[in-house]
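In: Model the structure of this input:
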Amino acid sequence: MTTDYFILPKQALVVFAGIVILTLYGVKTLLLEKVNIRRTPFDLAVVLFLATILLSSIFSTAWADSLSNFIPVLFAGPFVFWDCLQCEKRAIGNGLNRQSFNRSLPLGRFPDSIAS
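Out: Residues are numbered from 1 along each chain as shown. A predicted model of the protein is given here:
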């Protein structure tokens, strides 16, 4: 497994939270009886990033370790989409139109990713 005592609980928390988000979205979809999928500026980037990490894990020399570390990253994907949708709801609720939001979201996330 791992020698760090904090890695496994953090991975379990991310996987659990990802499953909860996907389950709540599924329940909401069943109750509303319609599938509501919104496109964000990050859809293609997140999917390509996850595909790159998956291929890197598969072709790694220690592929078992790489795949076990890929699972939490896979379940972190719904967090990104959920976060983008929450930002969009707040921005449009405050009077910002969708085109302005789609232009401003990547510009706002770039400094945040650099800072972290």
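In: Spatially central residue in this structure, please.
Out: G77 (2.4 Å; Cα atoms, centre = their mean).
In: what about the helices in the protein?
Out: For the chain, the helices defined by DSSP state H cover 7-32, 43-58, 63-93, 98-115.
In: got those helices as a markdown table, with mean pLDDT columns?
Out: Shown next, in a markdown table, are those (pLDDT from 0 to 100):
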| stretch | mean pLDDT |
| --- | --- |
| helix 7-32 | 84 |
| helix 43-58 | 83 |
| helix 63-93 | 75 |
| helix 98-115 | 64 |
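In: how deep is A45 tucked in, by neighbour count?
Out: 12 (other Cβ atoms under 10 Å). Bear in mind the C-beta positions are built from the backbone N, C-alpha and C, glycine included.
In: Please report the distance of it from G18.
Out: According to Cβ to Cβ, to the nearest Å, A45 and G18 sit 18 Å apart.
In: now swap in P78 and tell me
Out: 5 Å.
In: try V27
Out: For V27, the distance to G18 - Cβ to Cβ - is 15 Å.
In: Which one's more surrounded, the two?
Out: G18 (20 against 10).
In: how about the nearest residue to the more buried one, chain neighbours excluded?
Out: F75 (3.0 Å; Cβ to Cβ, 6 or more residues apart in numbering).
In: And V46, by the same measure?
Out: Nearest to V46 is V80, by Cβ to Cβ, 6+ apart, at 5.2 Å.
In: now swap in I71 and tell me
Out: Nearest to I71 is V15, by Cβ to Cβ, 6+ apart, at 6.4 Å.
In: residues near the one you found, how many?
Out: Around V15 there are 15 residues (other Cβ under 10 Å).
In: repeat for the one 5 residues further on
Out: Per other Cβ under 10 Å, the neighbour tally for V20 reads 12.
In: same thing with C84?
Out: With other Cβ under 10 Å as criterion, C84 counts 20.
In: next one: P72
Out: Neighbours of P72 (other Cβ under 10 Å): 19.
In: is it true that it touches I7?
Out: No - between P72 and I7 no contact is recorded; they are 9.2 Å apart, counting by Cβ atoms under 8 Å.
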